[in-house]
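In: A structural model of the following input is requested.
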Amino acid sequence: MKLIGKSLTGKQKRLLYQLFFSYLMFLVIPILIFSIFIGESIINDSKERVINSNLMKLQIMQESIDAYINEINNCALTIANDRRTDSIYNVNRDNLFSFDNVSKVMDVKQLLRETRGLKNYIHSIYLYNKDEQIVICSTGGIYKTEDFYDTQWMNSINDIDFFEVYITDVRKPVNAKLPDYLKYEGIDVEDVLTFIFPLKYIRLRGAVAINVRYNEMFKDFKSLPDSSEVYLIVDKRGRILFNGLDDGGKMEIDSSAVIDRVLAHNSDQGFLTFHNNDREYLTTFWSSMKSNLIVISVDHAGQLFNKILLFKSMITLLSASILFVGIILSYLMSRRIYNPIGKVFDQLKNYIISDISDHALKKNELILIYDAVNKLINKERETEQIIKANRQKLLEAHIMRLIMGRISEESPEYLALNDYNACLLISIDRYREFSSKFTSKEQEQYKSVILNICNQVVNRYAKGYSAILQMDKIVTIISVNKEQLDEFNNISRSICDMILAEVDAIKDISISLALGCIYKGSENIHNSFIEAEKALDYRFFYGYGCCIAYQDIKWRKETCNYFQDKDSYVLNYLKSNSNMEIRNLIHEFVRELKGRHNVSYESVIQTVIHLISKTSEYLASLYITINNIFEENSNIFMEIMEIETLDEMQQWLCTFYDKVISYLENHAERLDNKKYVMKIIEIIKNKYTCPDLDIQWIADHLNLSYSHVRRMFKEEVGINFLDYLNSIRVEHAKSLLANSDLTIAEIATMSGYNNDQSFNRFFKKHEGITPGMYRKIAQKAQAKAIYDQKLS
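Out: I've put the predicted structure just below:
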């Protein structure tokens, strides 16, 4: 080693300058950055807080609108899917008041009234037959469109996509101009929004229109007197449904300019600022994927930002003061530290190898090397932490691809599978109870504990890789080599027993296991997973805390026909309200299943669904739907599919029939009224030609009071007795006018009228023309039809 002795020159005293500039930069840059950062952070943090607060408020408001729209959708679906709606597909303008169709129309009218009564914000409901141009109204009766007082919404139907729900602009639920013969006294004409639902899956072509009270739906969006914030609600095309800028004149802003900016933002939620008339405004918005509506909030931003800028100026002044003092202190501290370091550096310099260039000596090698090594060490640590944090996520993602049958050519190095693999599916028992009892964070912790137990146990016997699936399930891949294949049954049994034992030690939780068959190659893991899912269904027979292998249940193919032979027993017991007899039948059904070991799960579910379907048909014959008895929009068949054990199925069936019988007992009077009304309609069908037929005659014949018959008929049918009777008589008269040469007086007598003057008056009231004019029109139509037939 060659020694070189170079004295420290002024140029070489770089460490002093470096120390000085280091201290200086240590103060200057952080203080400047601090000043800028604090100022910007305060502005951004304040903006973020305001924006997040506004977004949270808008989200709540949007969810409120979504809730309204969801309830309205459910009401429309209830009407569309009800058998009563489908039953009137063949009702047309000519047979509108025929006996066969009046009962159907009456039922639909009752359906619309019941649905409207469920929500106080629903103004009215229309069922529109597009082919026949007929409207059934919840607040009135049945109308031909030319006689209906509210038809402006019908113009939108042709522009609606088959799968689209259309919302009209705010409007009055009556036409702007009505002919003199159309009356709507008693109709509430407050502002409404009309939701138009095209009928999709039934034979009736048309739409369900639900008028929603505008002020009720948007009551939460009206600005308070002391608030500067206003709201707008638009759809994705920019059509305004609610405009708070027009309410009170708080801001002189063009709403279309605000809406255009929001639509150009191309995001579901966010914020933007803009200036108008030298004032700054903050706009936040939230878009719903469900309703395709956007809620927009506009507020003044100037006052808030002025306070922020003032505080930022104060921080800058303080930073400058600290900077001035810091420069002086930096120099003094640098000199003090440099003196001993300079001496050490002078001594070390004499031992530097001679071939080091002067250019290299000008650098602070020690600091550079230290910084470089330190950066490499820190970077390596960061990389290790990132790999460790993401390894489980990457592993779970790859496991998900394997069980879904998506095989990649390369597997992660930490997923080294053997030749033979099987899927073990772990399901948390009573998951509904589990999810309601614990928070989301606690649920994830429990699942992670179970996942770790599975990995630890499986890796004692073979290779194991686990992933958390959605909801209640965890999947583990058990991978063994060829030598372990013959012992796989014993290995898998030991694994299942040990997992159940260790999880059983955890308080308030139990699991069930299902094992698919073992296959060669990773490409067949998907098949094993499917088998494990099928095996898990048989927890229904084995109960909670079980371990089920697919090879043990794949032979269960016997069918269960218990209720297909005894469903008539259940219906007879329902008719007599024999709750105990039904319970005994259910208990016998469960006992039989427990004694049979080859019945398939699918056949049991099909048997129960068959029984519930038969019960629904019986209830339908009584004009009762499942939704009348249970919660609105309850999906009985989905509940059946979610039942996990046979004992739970027994309890569910008992509860179901308890509620059905309770409903039948509590609504016996209404059902009796329905039967009486059907008898009255039958009497009218047979006696309508009798001039003495009236409400009093009906009441005497049925041993009921006049007022009770009058009220009962109006409530069930939707029109009063006299209007209904005259509609039947007029229909009979129309047939005689078109197909006979009888005189008007003779037809009047044969139709149940005492004189032709009454007949003419009622006929014109129903048809709009006199009997004589109707006969001429009918005869011309018949003559034209005969002529056209001859030509063809």
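
In: can you pull out the strands in the stretch 1-150 of the chain?
Out: 122-129, 134-137, 142-144 (DSSP state E, counting those that start in this stretch).

In: Might you report the residue contacts of residue 720?
Out: Residues counted as contacts of residue 720 (CB atoms under 8 Å, 6 or more residues apart in numbering) are 710, 713, 714. The way it works is simple: take the backbone N, C-alpha and C, and place the C-beta from them, glycine included.

In: hmm, 6 Å instead?
Out: residue 714 (CB atoms under 6 Å, 6 or more residues apart in numbering).

In: Show me what the helix or strand containing residue 285 pairs with in its sheet, parallel or antiparallel.
Out: Element membership of residue 285, judged by DSSP states H and E, is strand 279-287. Neighbouring strands of strand 279-287 in its sheet, by DSSP bridges, are strand 269-276 (antiparallel), strand 293-300 (antiparallel).

In: buried ones in the first one?
Out: Using 16 or more other CB atoms under 10 Å as the test for burial, strand 269-276 gives 269, 271.

In: Please compute how far it lies from its chain's middle.
Out: 30 Å (CA atoms, centre = their mean, to the nearest Å).

In: what sits up against that strand?
Out: 51, 55, 253, 261, 281, 282, 283, 284, 286.

In: now the first one, nearest residue through space, not along the chain?
Out: In space, residue 51 comes closest to residue 271 once its chain neighbours are excluded; the distance is 4.6 Å by CB to CB, 6 or more residues apart in numbering.

In: Kindly reformat the strands of the stretch 1-150 of the chain as a markdown table containing distance to residue 548.
Out: Output for the strands of the stretch 1-150 of the chain, formatted as a markdown table (distance: least, CB to CB, whole Å):
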| stretch | distance to residue 548 |
| --- | --- |
| strand 122-129 | 49 |
| strand 134-137 | 53 |
| strand 142-144 | 57 |
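
In: Please name whichever of the ones you listed is nearest to residue 208.
Out: Nearest to residue 208 among the strands of the stretch 1-150 of the chain is strand 122-129; the distance by CB to CB comes to 5.9 Å.

In: For the stretch 601-750 of the chain, which segments are assigned as helices?
Out: Secondary structure of the stretch 601-750 of the chain by DSSP state H, counting those that start in this stretch: the helices cover 601-621, 626-629, 636-642, 646-666, 668-687, 695-702, 706-717, 721-739, 744-750.

In: So for residue 68, which of those helices sits nearest?
Out: For residue 68, the closest of the helices of the stretch 601-750 of the chain is helix 626-629, at 19.2 Å, according to CB to CB.

In: That closest one packs against which elements?
Out: helix 646-666 (3 or more CB pairs under 6 Å, 6 or more residues apart in numbering; DSSP states H and E).

In: can you list contacts of the helix it packs on?
Out: Helix 646-666 is contacted by residues 540, 577, 579, 582, 583, 586, 590, 629, 643 when judged by CB under 6 Å, 6+ apart.

In: Next one, pLDDT for the nearest residue to the last one once chain neighbours are set aside please.
Out: When the adjacent residues along the chain are set aside, residue 643 lies closest to residue 649, with 5.0 Å between them (CB to CB, 6+ apart). Looking at residue 649, its pLDDT is 90.

In: Tell me how many other residues crowd residue 649.
Out: Using other CB atoms under 10 Å, residue 649 has 20 other residues around it.

In: So what's the residue count around residue 87?
Out: For residue 87, using other CB under 10 Å, the count is 18.

In: For stretch 90-102, buried residues please.
Out: Applying 16+ other CB under 10 Å to stretch 90-102 flags 91, 96, 97, 98, 101, 102 as buried.

In: Kindly provide the distance from residue 707 to residue 699.
Out: According to CB to CB, to the nearest Å, residue 707 and residue 699 sit 9 Å apart.

In: Please apply the same query to residue 275.
Out: Here residue 275 is placed at a distance of 76 Å from residue 699 (CB to CB).

In: Could you do residue 73 as well?
Out: 43 Å.

In: Ok, residue 721 next?
Out: 10 Å.

In: ok so, going back, nearest to residue 187, out of the strands paired with strand 279-287?
Out: So among the strands paired with strand 279-287, strand 293-300 is nearest, using CB to CB, at 27.8 Å.

In: Other residues contacting that closest one?
Out: If you take CB under 6 Å, 6+ apart as the criterion, strand 293-300 is touched by 54, 58, 61-62, 228-235, 262, 281-287.

In: Which ChimeraX command selects the buried ones in the residues you listed?
Out: Applying 16+ other CB under 10 Å to those, the buried members can be selected in ChimeraX as follows:
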select :54,58,61,62,229,230,231,232,233,234,262,281,282,283,284,285,286,287
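
In: picking that back up, and of the contacts of strand 269-276, the nearest to residue 394?
Out: residue 55 (32.5 Å).

In: thinking again about what came up before, output the helices of the stretch 601-750 of the chain in TSV, with distance to residue 327 appended to each entry.
Out: TSV is the format used below for the helices of the stretch 601-750 of the chain (distance: least, CB to CB, whole Å):
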stretch	distance to residue 327
helix 601-621	82
helix 626-629	80
helix 636-642	73
helix 646-666	78
helix 668-687	92
helix 695-702	106
helix 706-717	93
helix 721-739	100
helix 744-750	116
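
In: Now stretch 502-514: buried residues?
Out: 502, 503, 509, 511, 512, 513, 514.

In: Inside strands: which ones of those?
Out: 511, 512, 513, 514 (DSSP state E).

In: how near is residue 717 to residue 100?
Out: Separation of residue 717 from residue 100 (CB to CB): 14 Å.

In: what does the domain assignment say about this structure?
Out: Domain segmentation of the chain under automatic domain parsing yields 82-178+185-217, 395-553, 562-657, 670-791.
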